[in-house]
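Colleague: Give me a model of this one.
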Amino acid sequence: MDLKSNHSAPVLTDSAPLGKSRLGGHHGLFPCSPSGGAAFSPNLWLSIPKKKTGVLDDVRAIGWLDAMKSSSPPHKKFNKDINIELSSPDPEAAYHTWLLKYPSALASFEQIANFAKGKRIALFLDYDGTLSPIVENPDNAFMSDVMRSAVKKVAKYFPTAIISGRSRDKVYEFVGLTELYYAGSHGMDIMGPVRQSTSDDHPNCIESTDTQGNEVNLFQPAREFLPMIDEVFSSLVKSTEEIKGATVENNKFCVSVHYRNVDEDKWKAVWECVEDVIKKYPRLRLTVGRKVLEIRPTINWDKGKALVFLLESLGLSNCDDVLPIYVGDDRTDEDAFKILRERNCGYGILVSKSPKESNAYYSLRDPSEVMEFLKSLVMWKKSSAQ
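Modeller: Numbering: from 1, shown residues only. This next block holds a predicted model:
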């Protein structure tokens with residue numbers, strides 16, 4: 001099997017390469033230089049042979065099972081860049097060693113604030129694992145009232161957007177704040193501010209209204225895939241109904257098959273159900289997240305592209321006085337981290353309790369630290385305005 005190192009999750013059908021964005025950069029902005037290393041284990045990008053035999057099918061299944069297991073850290077893996085074993089006998093010591101490369105955004109807040117002086121901050125946030133804890137039942141991933149208050153306050157001072165793998169409607173239902181911009185389905189369903197130039201640049205962008213009756217732009221680059229996604233969702237609901245703990249979620253432009261509550265000896269059965277369905281749809285691809293298999297359209301779009309689109313919609317791209325900050329915890333957030341790192345135009349902040357390679361510059365341990373970081377931004381903005 002051909003193995004490729006890449007920052008993305010495994011794919012069954014390779015997506016188009018990430019195009020060069022029009023996002024401007026700020027050189028010499030960061031405390032460390034780009035690592036250029038792989039964000040995750042090399043076996044997390046799999047080129048699947050097209051010809052199917054019994055042996056190749058076995059190899060394919062083993063590769064995907066490895067990817068599914070590796071999406072549930074900590075697991076043994078030696079990280080050459082930071083010279084520690086990720087499943088160290090002393091996890092706390094390993095974590096503190098990892099912090100040398102990905103410093104805490106709270107401990108480094110003064111440094112971040114110094115870089116932000118004279119700049120306009122634009123804030124982008126993942127939802128699950130960032131604003132809410134990871135829970136066994138995805139339908140119960142509720143945001144706390146104190147977190148909602150922190151997000152509401154930070155949005156008062158900075159343009160703020162949620163970019164999630166969930167459907168846009170579901171994320172809005174969880175968050176419930178009209179002050180934000182929302183991008184669901186890994187950025188394939190964006191509701192943002194109206195800008196004529198954005199409508200001209202993107203034929204899939206149409207003018208609409210939000211729940212408050214305000215004019216907004218609705219951007220859905222994968223709209224043509226909606227019937228296909230609905231078919232896949234229905235098929236997967238039927239094919240996984242006998243697997244205890246497996247749940248299938250329709251996120252409008254992608255389908256998520258959660259195996260968090262499935263016994264590990266049944267994970268292969270989950271993958272076989274998904275593989276059996278997706279092989280009928282060559283225009284869809286399969287990726288692995290945190291104990292979830294996701295089926296998405298094979299288009300040149302991801303959270304990094306959504307980040308660029310929203311900056312353009314806000315009139316904040318190609319501006320030397322703009323500092324984008326993206327906070328996320330999942331592999332899909334790496335596309336956004338990568339954009340910021342390659343362009344030297346902002347900060348990626350990884351939310352993680354365990355060491356892992358990333359394109360982020362800073363880290364936060366969990367949603368409670370994310371909340372403290374948001375509060376710190378508000379306090380800094382208030383003090384700097386005096």
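Colleague: so where is the stretch 251-386 of the chain shaky, pLDDT-wise?
Modeller: Within the stretch 251-386 of the chain, the stretches with pLDDT under 70 are 386.
Colleague: For it, which segments are assigned as strands?
Modeller: Applying DSSP state E, counting those that start in this stretch to the stretch 251-386 of the chain gives strands spanning 255-258, 284-289, 292-297, 322-328, 347-351, 362-364.
Colleague: Let's check: the centremost residue of the protein is which one?
Modeller: The centre of the chain sits closest to D333, judged by Cα atoms, centre = their mean, with a distance of 2.8 Å.
Colleague: Quick check: it touching D302?
Modeller: No: between D333 and D302 there is no contact under Cβ atoms under 8 Å: 9.7 Å. From N, CA and C alone the C-beta is placed, and that goes for glycine too.
Colleague: How about Y95: what's its closest non-neighbour residue?
Modeller: P355 (6.1 Å; Cβ to Cβ, 6 or more residues apart in numbering).
Colleague: what's the neighbour count on the one you found?
Modeller: By the measure other Cβ atoms under 10 Å, the count of residues near P355 is 26.
Colleague: got it, and A107?
Modeller: Neighbours of A107 (other Cβ under 10 Å): 11.
Colleague: ok, now the one 3 residues further on?
Modeller: A count of neighbours around E110, defined by other Cβ under 10 Å, yields 9.
Colleague: Give me the pLDDT value at it.
Modeller: In this prediction, E110 carries a pLDDT score of 97.
Colleague: what about the helices in the stretch 151-300 of the chain?
Modeller: 168-175, 196-201, 226-239, 267-278 (DSSP state H, counting those that start in this stretch).
Colleague: Chain neighbours aside, what residue packs nearest to the residue nearest to the centre of the chain?
Modeller: Closest to D333 by Cβ to Cβ, 6+ apart is D126, at 5.4 Å.
Colleague: List the contacts of that neighbour.
Modeller: Counting by Cβ atoms under 8 Å, 6 or more residues apart in numbering, D126 touches I162, I163, S164, V327, G328, D329, D330, D333, V351.
Colleague: I'd like to know how far the residue nearest to the second one when sequence neighbours are not counted sits from D145.
Modeller: With Cβ to Cβ, 6+ apart as the criterion, I163 has its nearest non-adjacent residue at 4.4 Å, and that residue is A183. As defined by Cβ to Cβ, to the nearest Å, A183 lies at a distance of 24 Å from D145.
Colleague: same deal with S167?
Modeller: From S167 over to D145 the distance is 23 Å, taken as Cβ to Cβ.
Colleague: Between these two, tell me which one has more neighbours.
Modeller: Using other Cβ under 10 Å, the more surrounded residue of S167 and D145 is S167, with 21 against 8.
Colleague: Local confidence estimate at the more buried one?
Modeller: 95.
Colleague: just the one 5 residues further on next, same as before
Modeller: In this model, Y172 is scored at 94, pLDDT.
Colleague: Pretty sure E207 sits against G192.
Modeller: No: in this structure, E207 is not within contact of G192 by Cβ under 8 Å, at 11.2 Å.
Colleague: shared neighbours, those two?
Modeller: Going by Cβ under 8 Å, 6+ apart, residues that sit against E207 and also against G192 are V216, N217.
Colleague: And the two? Which one has more around it.
Modeller: More crowded of E207 and G192, by other Cβ under 10 Å: G192, with 23 against 11.
Colleague: How many neighbouring residues does the residue nearest to the more buried one when sequence neighbours are not counted have?
Modeller: Nearest residue to G192, sequence neighbours excluded (Cβ to Cβ, 6+ apart): S313, at 4.3 Å. Look at S313: counted by other Cβ under 10 Å, it has 26 neighbours.
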